[in-house]
Structure formats: structure tokens, C-alpha cells
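Trainee: next come a sequence and a model predicted from it.
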Amino acid sequence: MSQWWSYLKGRPFYWVLDGSDPAASYYMLRYVVERPDGARALQAARLALQESPVVAELKAVITGESSPRWTSDYSGALWALRLLAEWGHPGDDETIATALDWALTHTSETSHPHATPLLLHTALAFGFSDDDRVESLLQQVFILLQTERRTRLGAVGATLTAMALATLQDRAIPTAVLAGLESLLSPITPTAHPLFTAYGYPTYDTPDGLTLVESALRLGLRGTWLDAWVAQIVAAQDEAGFWRAGRVHLPDITPNEPNRRLSAKALYVLRSYYGE
């Protein structure tokens, strides 16, 4: 098997880990370098993330909204919650727990075409898998993926669902559920879905090829249908070996600039796909 770093044009791991982006550093140490949970470096990265000014701003947004909605402009408490979940922020925080409790109790009031996988990913990423409401959402997804109705999810819904299930820890996902999910993911190709080749940051409700492959690998789905995507991801790095955001949803992120978080995800994909 090929050494994964042989596909890199530069040494992006040093750039990702330079401390400029706490979320990227935390992801890199946890998933690419695979530091154990008690490792000092990982704990320091997690603390830096929790204490970063942007996290404080997001928590202020969350506490300032009493009836959150999935807004079209990505403002508001639910998107702030989702961003913290994407970054890997711990869920043992009163602000997060209170807002998530409200969202889980008022699911019918937070309408979005993909509300179930969005909320499920957020809850699971924060470690609320034992909540009965989360379990109910999970069972809805499991049942759906084993029926023909799963095709209604489309490429976006299927990828967001994969992203959600990929955060499920210490629990086996039924084989039939994974088979149903793979039947939806495998036809998503760079040629058939060119919008997925423009990597987005944050993911929010616009997943891309990086989200798809990362989630599939976490779930143990390693069919040959991934080959084209991995080749596309390798080809997408710039001359310095960085990956750029083609779609951005935050005002302080510049489109087409090298992105540490996306670069970290790409490094995870290559390491997981090609192995050591």
C-alpha cells in the first residue's frame, strides 16, 4: 500500500498545527496524528479551542436567541451550535446543553429540508447519544436507510446523514443500514456532482467530496467508488500542498484561500485511505 504522505506536494501538517486555528489543530491531533484522549498536546488544543474568542462569540449568539431556527443566511443559534459541533467543541457546557435541549424538544419548529441529519450530527458530536430524543432520531434514520424511501435524501441528505452517523461512537451500526447508506453515496461522483468538488467551510448544510469521503472512511465504507474522489482530493491541493475553500459561510473567511480545517480533513482522508 502506498505511503500516504507521498501524495503531498508540501508539508501542510506543520502549517495546520501552527496554532492559528484551534479547531484545525484539535482535529489534526485527534484524527490525523491520533493522539490519545489524555495526551497533553490534545488537551491543550481542546482548551485553546474552548477559550478562543470566536467560541465566546458563538456562545453569545446561542444564549441570545430564545427560539432558534435554521436560517438561510447561517446566522443564529442553531448554526452556531452546528459550527461548534463541527469544530469538535465538547458538549459538557451549560450553554450548549441548554440550546441543544431546546432544539431536541422543538424539532417541529426548526424546519429545514435536512433537519434530522443536521440535528442528529450536532447531538452526537456533543456526546448526547444517550438522550431518548437522539435515540428516536437515530432509529428514524436507521429505518429510512433500510427502505426504498431513502432515495428521497438525495446526494446532500445522504452525505449529511453519513456525517452524522460517522460521529456515533462505541455503537455498531447495523450492516443493512450501512448497505443502504452506501447505495446512496456510491453514485455521488465528481463528474455527476461537480458542486461537491468545491470544498465548503464550514460544512453546515452544504457537504462536499471531503465530507463524503471522510464520513465514509469513518464508517468503514471503502468501496472502489471512493477512488475517483480520493484522486480528486489529491489533485485539489495547491502548489504548497494546501487545500482551499471554494465555498465559505463565514464573513471572516476569504474564498479560495488556503484553509487549515479543510487541509486537516484532506490529510485525514489520505492517511485513512492509503494507510501508513
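Mentor: That came through, no problem. Please read all numbers here as calculations on a predicted model, not as lab measurements.

Trainee: so the nearest residue to residue 258 once chain neighbours are set aside: helix, strand or coil?
Mentor: Leaving aside its sequence neighbours, residue 258 sits nearest to residue 242 (C-beta to C-beta, 6 or more residues apart in numbering; 3.7 Å). Heads up, the C-betas are built off the backbone N, CA and C, glycines and all. Per DSSP: H, G, I helix; E, B strand; the rest coil, the secondary structure class of residue 242 is coil.

Trainee: surely residue 242 touches residue 14?
Mentor: No - counting by C-beta atoms under 8 Å, residue 242 does not reach residue 14; the two are 11.2 Å apart.

Trainee: neighbour count winner among the two?
Mentor: Applying other C-beta atoms under 10 Å to residue 242 and residue 14 shows that residue 242 carries more neighbours, namely 20 against 8.

Trainee: and the more buried one, what does it touch?
Mentor: Contacts of residue 242 were listed using C-beta atoms under 8 Å, 6 or more residues apart in numbering, and they are 10, 12, 15, 258, 259, 263.

Trainee: kindly give a single PyMOL line that selects the buried subset of these.
Mentor: Buried residues among those (16 or more other C-beta atoms under 10 Å), as a PyMOL selection:
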select buried, resi 12+15+258+259+263
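
Trainee: what's the farthest-apart pair in the contacts of residue 242?
Mentor: 10 and 259 (14.6 Å; C-beta to C-beta).

Trainee: give me the most central residue, this protein.
Mentor: In the chain, the residue lying closest to the centroid (C-alpha atoms, centre = their mean) is residue 86, at 5.2 Å.

Trainee: once you drop chain neighbours, what's closest to that one?
Mentor: residue 202 (5.3 Å).

Trainee: repeat for residue 65
Mentor: residue 77 (4.1 Å).

Trainee: pLDDT score assigned to the one you found?
Mentor: On pLDDT, residue 77 comes in at 93.

Trainee: list the contacts for it?
Mentor: Neighbouring residues of residue 77 by C-beta under 8 Å, 6+ apart: 61, 62, 64, 65, 68, 99.

Trainee: same thing with residue 188?
Mentor: By C-beta under 8 Å, 6+ apart, the contact list for residue 188 reads 155, 158, 159, 196, 212.

Trainee: pick out the most distant pair among those residues.
Mentor: Every pair of the contacts of residue 188 checked by C-beta to C-beta; the farthest is 158 and 196, at 11.4 Å.

Trainee: more crowded one of the two?
Mentor: residue 158 (28 against 24).

Trainee: let me know the helix or strand that the more buried one is in.
Mentor: Element membership for residue 158 (DSSP states H and E) is helix 154-165.

Trainee: how distant is that helix from the center of its chain?
Mentor: With C-alpha atoms, centre = their mean, to the nearest Å as the basis, helix 154-165 stands 10 Å off its chain's centre.

Trainee: and for stretch 194-213?
Mentor: For stretch 194-213 - counting by C-alpha atoms, centre = their mean - the centre lies 9 Å from the chain centre.

Trainee: what of stretch 18-36?
Mentor: 14 Å.

Trainee: do you know the pLDDT at residue 143?
Mentor: Confidence score, pLDDT, at residue 143: 98.

Trainee: phi, psi for it please.
Mentor: Main-chain torsions, residue 143, degrees, to the nearest 10: phi -60, psi -50.

Trainee: count of neighbours near it?
Mentor: Neighbours of residue 143 (other C-beta under 10 Å): 13.
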